[in-house]
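Asker: I'll drop the sequence and a predicted model, then ask my questions.
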Amino acid sequence: MSTAEKDRVIDESGFRPNVGIVVTNLDGQVLWGKRVKGRNSWQFPQGGINANESPEEAMYRELREEVGLLPEHVTILGVTKGWLRYRLPAKFIRKNESPVCVGQKQKWFLLRLDAPDESVRLDLDDKPEFKDWKWVTYWFPISAVVDFKQQVYRSALAELMTFSLPKTKPRRRSRRT
């Protein structure tokens, strides 16, 4: 059994604890990654929480593995209060595994990128998750992600929106004399 398999955690209901990561820039756009697997599959960075790992530790590990960002590159703006769940379609459930994973339960993090875009690196892990990325509008991912994740994305973005920064600072008008 590999270390990854030993560290894999499934709760009593069959859900794998997981973190979802929304990285935003100063323009209010979010980082959207094109998965290596799948024809045209895009999603937010996400990944499982290992045994004896906090959600925040998992978030920083996944952030580095999937998009090459380090803690000093980002600021945590907010975290969802509870777990958001989605069930996997039957065709994705591996019934031969024990315990059987029927879906994910996720804590979502909203991060602000405080480093240049060039800090995003997809080539730092031996098995990259993403082959491309781009900035998209805040709500775009809901309609673009695979259908069984849409409700979780909607819930996560709605809750995290309360933590986001204004797009731009108001400009001072010059006084005319």
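Answerer: All right, it came through fine.
Asker: tell me where the model's unsure across this structure.
Answerer: In the predicted model of the chain, residues 1-7, 165-177 satisfy pLDDT under 70.
Asker: hmm, try it at 80
Answerer: Along the chain, the parts satisfying pLDDT under 80 run over 1-8, 38, 98, 164-177.
Asker: residue ranges of the helices in it, please?
Answerer: Secondary structure of the chain (DSSP state H): helices at 3-7, 55-67, 140-144, 150-160.
Asker: report the contact partners of the residue positioned nearest the centre of the chain.
Answerer: Using Cα atoms, centre = their mean, the residue of the chain that lies closest to the mean C-alpha position is Ile21, 2.5 Å off. Ile21 sits next to Phe44, Pro45, Gln46, Met59, Glu62, Leu63, Glu66, Trp108, Phe109, Leu111 when contact means Cβ atoms under 8 Å, 6 or more residues apart in numbering. C-betas here are computed from N, CA, C, even on glycine.
Asker: hmm, the second one is touching Arg64, no?
Answerer: This means Pro45. No. Counting by Cβ atoms under 8 Å, Pro45 does not reach Arg64; the two are 10.0 Å apart.
Asker: closest one to Cys101 among the helices of the chain?
Answerer: helix 3-7 (12.0 Å; Cβ to Cβ).
Asker: follow-up on the earlier one: for the residue nearest to the centre of the chain, which non-adjacent residue is closest in space?
Answerer: Pro45 (4.3 Å; Cβ to Cβ, 6 or more residues apart in numbering).
Asker: ok, that neighbour to Arg94 distance?
Answerer: Separation of Pro45 from Arg94 (Cβ to Cβ, to the nearest Å): 22 Å.
Asker: and these two? Which one has more around it.
Answerer: A direct count of neighbours by other Cβ atoms under 10 Å for Pro45 and Arg94 places Pro45 higher, at 24 against 9.
Asker: count of neighbours near the nearest residue to Ser41 once chain neighbours are set aside?
Answerer: Spatial nearest neighbour of Ser41, chain neighbours left out: Arg35 (4.3 Å); criterion: Cβ to Cβ, 6+ apart. For Arg35, the neighbour count with other Cβ under 10 Å is 17.
Asker: so Arg35 bridges to which residues?
Answerer: Arg35 forms beta bridges with Phe130, as assigned by DSSP bridges.
Asker: pretty sure it contacts Pro128?
Answerer: No. Counting by Cβ under 8 Å, Arg35 does not reach Pro128; the two are 9.5 Å apart.
Asker: wait, Glu65 touches Asp123, no?
Answerer: No. Between Glu65 and Asp123 there is no contact, the gap being 11.4 Å when judged by Cβ under 8 Å.
Asker: between these two, which is the more surrounded one?
Answerer: Set Glu65 next to Asp123 and count neighbours by other Cβ under 10 Å: Glu65 wins out with 17 against 8.
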